[in-house]
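>>> Sequence first, predicted coordinates after that:
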Amino acid sequence: MEIIHINVHYAVGIIIASISNYFIGLTLFEFILIVFCSFLMDFDIILSKYARDNNHRMLITHSIIPALLIILIGLIMTWPALIIGGIAYLIHVIIDTFDWGTNFFGVNKNPWGLKLLISKQELKNLETILKDFKIKKSFFDFRYYSKKTILTIEFILAIFMILCAYFFALQFFLMILLYFPFLAFHIYVYLKLKKIEGNN
């Protein structure tokens, strides 16, 4: 299943790291660590073939377990930046419950969460629905980009990210630049899928 786009998680990571920097002061490494933790789990997509229904969100990496472990290690090491990194990881898991759902507790047999972008009926008949597309991913991208609410949230988060970085972490401001290649990648994929599916 398609994810809440990585640029969204990156923006959230910048916001969390910037606000943290304002209160406790962070080194460059700590700032990067927190931001990295905010989207780290999405690299598990390379392990999709080992997941239930080839859905990487059903892997344990898309549960609260790694987040809690990171927080625990941070507490043991008394390292605030690592604790915040664990919280950033946890927030990613929570965000992912809103669109398609995730393996929230690490033992879920089906995606857990509100799953606002797909109805129960669609989820039940997903394989049949996906047969209408040349590329399965198209269904998820088209649904994602058809929701004005999601696009509005993406825009607001991008603005908030820039403001937080400017006011709370000006020394790390250039970190926001990585947001734009992530955004460009997702837009490119979406336009490419539209072209492919439009050739029916």
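Good, I have the coordinates.
>>> Check which helix or strand the residue most central in space within the chain maps to.
Closest residue to the average C-alpha location of the chain: His9 at 4.4 Å, with CA atoms, centre = their mean. Assigned by DSSP states H and E, His9 belongs to helix 6-24.
>>> list the buried ones in that helix?
6-18, 20-21 (16 or more other CB atoms under 10 Å). All C-beta atoms are positioned from the backbone trio N, CA, C, and that covers glycine.
>>> Show the contacting residues for the nearest residue to the residue nearest to the centre of the chain once chain neighbours are set aside.
The shortest distance from His9 to any non-neighbouring residue, by CB to CB, 6 or more residues apart in numbering, is to Phe39 (4.2 Å). By CB atoms under 8 Å, 6 or more residues apart in numbering, Phe39 lies in contact with 6, 9-10, 13, 92.
>>> Okay, now the unreliable bits of this protein?
By pLDDT under 70, the low-scoring segments of the chain are 1-3, 199-200.
>>> circling back to that earlier point, which member of the contacts of Phe39 is positioned nearest Ile45?
Ile6 (9.9 Å; CB to CB).
>>> State the distance from that closest one to Leu130.
Using CB to CB, to the nearest Å, Ile6 is found at 22 Å from Leu130.
>>> just Tyr166 next, same as before
42 Å.
>>> which parts of stretch 93-110 are buried?
93, 95-104, 108.
>>> ignore the last one, stretch 65-85
65-67, 70-71, 74, 80-85.
>>> Straight-line length of it, end to end?
Between the start and the finish of stretch 65-85 there is a gap of 14 Å, counting by CA to CA, to the nearest Å.
>>> same question, stretch 161-178
Start to finish, the residues bounding stretch 161-178 are 12 Å apart (CA to CA).
>>> contact partners of that stretch?
Stretch 161-178 has contacts (CB under 8 Å, 6+ apart) with 10-12, 14-15, 17-19, 21-22, 26, 28, 31-32, 35, 179.
>>> can you do 7 Å?
Outside stretch 161-178, the residues within contact range by CB atoms under 7 Å, 6 or more residues apart in numbering are 10-11, 14-15, 17-19, 21-22, 28, 31, 35, 179.
>>> So which of the buried residues of stretch 65-85 are in helices?
65-67, 70-71, 74, 80-85 (DSSP state H).
>>> which two in those residues are spaced the farthest apart?
Farthest pair in those, by CB to CB: Ile65 and Pro80, 21.4 Å.
>>> Could I get the full set of helices for the protein?
6-24, 28-39, 64-76, 80-99, 120-124, 126-130, 137-145, 148-168, 179-197.
>>> Same list, these, but as a markdown table with distance to Ile46 please.
Listed next are the helices of the chain as a markdown table, based on distance: least, CB to CB, whole Å:
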| stretch | distance to Ile46 |
| --- | --- |
| helix 6-24 | 14 |
| helix 28-39 | 14 |
| helix 64-76 | 16 |
| helix 80-99 | 17 |
| helix 120-124 | 24 |
| helix 126-130 | 21 |
| helix 137-145 | 15 |
| helix 148-168 | 25 |
| helix 179-197 | 16 |
